[in-house]
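*Asks:* Give me the fold of what follows.
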Amino acid sequence: MRIVIAIFLALAAAGCQQQVSLQSWQDCVEEYVWGQGNGNAGVLRDLPTPGQWKGFAIISENDPASSTDVNGVLLAHRRIGSKAYFIYLIGLVRQQQVQDIRLVAMSASPEGFAWRSSRKSDEALRSYRGFKNGQWKKLFPGRADGPWSYTGFPGEGEVFKLSVAGNKLTVAHEPSGAQWMLELPQDGPTTAPSVADVK
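*Replies:* Numbers count the residues shown, from 1 in each chain. Here you go, the predicted structure:
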């Protein structure tokens, strides 16, 4: 299932660059906030996504078999220390196969946007992809490749668990054992440890 097609159309109308990459996803988020929210990042909380996820996506083509997409799942909007962050798990999907997944936090202020991103984790990606491919092979033994819903990101019904302890963020996909971690700058009082399940 392609997610947030409405957002793609809005971005195209706004002239957002469609050379799709993790960096262009970030650039398009900023352009959307300026163009649709007049600089108020709160507009990101209320995007009219047609699927189960709230998030933000850019796609290069309508045909998933030849498209490169970046899909961002909004996990939380939370104050950590002195700043409020939009926390996303974003996946780069090329020709229906997920290539990279990062944990990203963005804070917005009148001075602009501040981004923090986890490093690429080959281990987490391998675990996530292995689980998804395993699901497909159980259902259809002998077939080489699964469809979008089994090899892309995110999958239908998936749950990502966000844990916040001080300035450290951890997101887990429990069925696969994949985890992504990000440490934010320490800049004041921090939140108490908390856990949220996000579908």
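*Asks:* Could I get the full set of helices for the chain?
*Replies:* For the chain, the helices defined by DSSP state H cover 5-14, 22-37, 122-139, 148-151.
*Asks:* partners of the residue nearest to residue 129 when sequence neighbours are not counted in the sheet?
*Replies:* Distance criterion CB to CB, 6 or more residues apart in numbering; nearest residue to residue 129, sequence neighbours excluded, is residue 98 at 6.1 Å. Where you see a C-beta, it was placed from the backbone N, CA and C, and this is true even at glycine. Beta bridges link residue 98 to residue 93 when assigned by DSSP bridges.
*Asks:* Same check on residue 165?
*Replies:* residue 168.
*Asks:* Now for it, how many residues are close by?
*Replies:* By other CB atoms under 10 Å, the residues close to residue 165 number 13.
*Asks:* just residue 186 next, same as before
*Replies:* By other CB under 10 Å, 11 other residues sit near residue 186.
*Asks:* surely it meets residue 167?
*Replies:* Yes: the pair residue 186 / residue 167 is scored as a contact, 5.2 Å apart, by CB atoms under 8 Å.
*Asks:* related to what we said a few turns ago, format the helices of the chain as CSV; extra columns: distance to residue 88.
*Replies:* Formatted as CSV, these follow (distance: least, CB to CB, whole Å):
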stretch, distance to residue 88
helix 5-14, 13
helix 22-37, 9
helix 122-139, 15
helix 148-151, 20
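*Asks:* could these be laid out in JSON lines, adding mean neighbour count and distance to residue 163?
*Replies:* Listed next are the helices of the chain as JSON lines, based on neighbours: other CB atoms under 10 Å; distance: least, CB to CB, whole Å:
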{"stretch": "helix 5-14", "mean neighbour count": "16", "distance to residue 163": "27"}
{"stretch": "helix 22-37", "mean neighbour count": "18", "distance to residue 163": "23"}
{"stretch": "helix 122-139", "mean neighbour count": "16", "distance to residue 163": "15"}
{"stretch": "helix 148-151", "mean neighbour count": "18", "distance to residue 163": "27"}
